Structures are given as C-alpha cells and as structure tokens.
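Asker: predicted coordinates and the sequence they were generated for:
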Amino acid sequence: MPTVHVTVDQMDYSSSRGEARDHSHIMDRPEAKGGQNKGPMGGETLLMGLGGCFMSNLLAAAKARNVEIDNARASVAGELADSPARYTDIHMTITAQCSAPAELKKLVTIAERGCIVANTLAKAVNLTISCE
C-alpha cells in the first residue's frame, strides 16, 4: 500500500506549519491558551481533515453518478474527554442541495466507506455520520 507523507515544522513559540504536497496549513493555539491564534489547533485540524476527506469522497461519488450537489456542508462536532485529552465522540452531519434528493443518503454511505479519515477514526472513537 502507498504511504502518505506530511511534515509539520515549528514556526515560532506557539505555531507550526504543516505541509502536504504543495500545500501548507498553519496551526496554533488561541491566545487564551498561550498561542497567537494564527490558525486552528491540531485537534480542530483533525476534525476539518475528517470533513475534508469525507467531502472529497462525497463530491467524487456524486460526479461519478452524474448527480449535481450544491452548497454541501459537513458540520463536525467532537466531544472531548477530561483526561487524557482526546475525542470520545465525533458526529458529522451532511447537508446539501441535491438534484436527486433521494440519492443523497446513498452518496453519504458511499463517501463514508471511501473516507480514509472516517475509516481510521471509527476504530478509535464513537463516530457517527448522518445527513439532513
């Protein structure tokens, strides 16, 4: 199987820059936690990664089936444990305008099966995905 490589480098006393292929993403802590608020925290980035991976698969599934999707949104919520710091539950809700509304649930199922991040997290946390 192929291996995915990214790097994360320190920028200054609180922020870092992640790089994947030709893309970069700055991460930092909010000022209230001693950071500079230059970007989302790593835990927030993980949730965005889930949403982004899922959305990529959803849009590809729709395109492959000639189903038009507009205004698609993945809203992701992570419930935190006190100790050790981690997500215990993650819920993602998908909304979209779909040219074939009955197909949206099928597309969500297809995207969930193909999403690397969802498949990885499902083994570690209580992960639920629904559509409205």
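Answerer: Happy to help now that I have it. Numbers count the residues shown, from 1 in each chain.
Asker: which residue ranges make up the domains of the chain?
Answerer: 1-39, 42-131 (automatic domain parsing).
Asker: please identify the deepest-packed of those domains.
Answerer: Of all the domains of the chain, domain 42-131 carries the top mean neighbour count, a mean of 15, counting by mean count of other C-beta atoms under 10 Å. Every C-beta, even on glycine, is put in place using the N, C-alpha and C of the backbone.
Asker: skip the chain neighbours and tell me the closest residue to G39.
Answerer: I26 (3.7 Å; C-beta to C-beta, 6 or more residues apart in numbering).
Asker: wait, what's in contact with that neighbour?
Answerer: Counting by C-beta atoms under 8 Å, 6 or more residues apart in numbering, I26 makes contact with M11, S15, S16, R17, G18, K38, G39.
Asker: closest one to V108 out of these, please.
Answerer: Checking those against V108 with C-beta to C-beta, the nearest one is G18 at 27.7 Å.
Asker: geometric centre of the protein: which residue is closest?
Answerer: L50 (2.1 Å; C-alpha atoms, centre = their mean).
Asker: quick check: it vs V67, distance?
Answerer: 22 Å (C-beta to C-beta, to the nearest Å).
Asker: so who does the closest residue to I116 other than its chain neighbours touch?
Answerer: Distance criterion C-beta to C-beta, 6+ apart; nearest residue to I116, sequence neighbours excluded, is C53 at 5.8 Å. Counting by C-beta under 8 Å, 6+ apart, C53 touches C115, I116, V117, A118.
Asker: and those, which is closest to S130?
Answerer: Nearest to S130 among the contacts of C53: A118, at 12.6 Å, using C-beta to C-beta.
Asker: which ones are touching the closest one?
Answerer: By C-beta under 8 Å, 6+ apart, the residues touching A118 are L50, C53, F54, M92, E112, L127, I129.
Asker: got it, and R86?
Answerer: L80, V125.
Asker: part of a helix, is the residue nearest to the centre of the chain?
Answerer: Yes - assessed with DSSP: H, G, I helix; E, B strand; the rest coil, L50 lies in a helix.
Asker: you'd agree it is up against V117?
Answerer: Yes - applying C-beta atoms under 8 Å as the test, L50 and V117 come out as touching, 4.6 Å apart.
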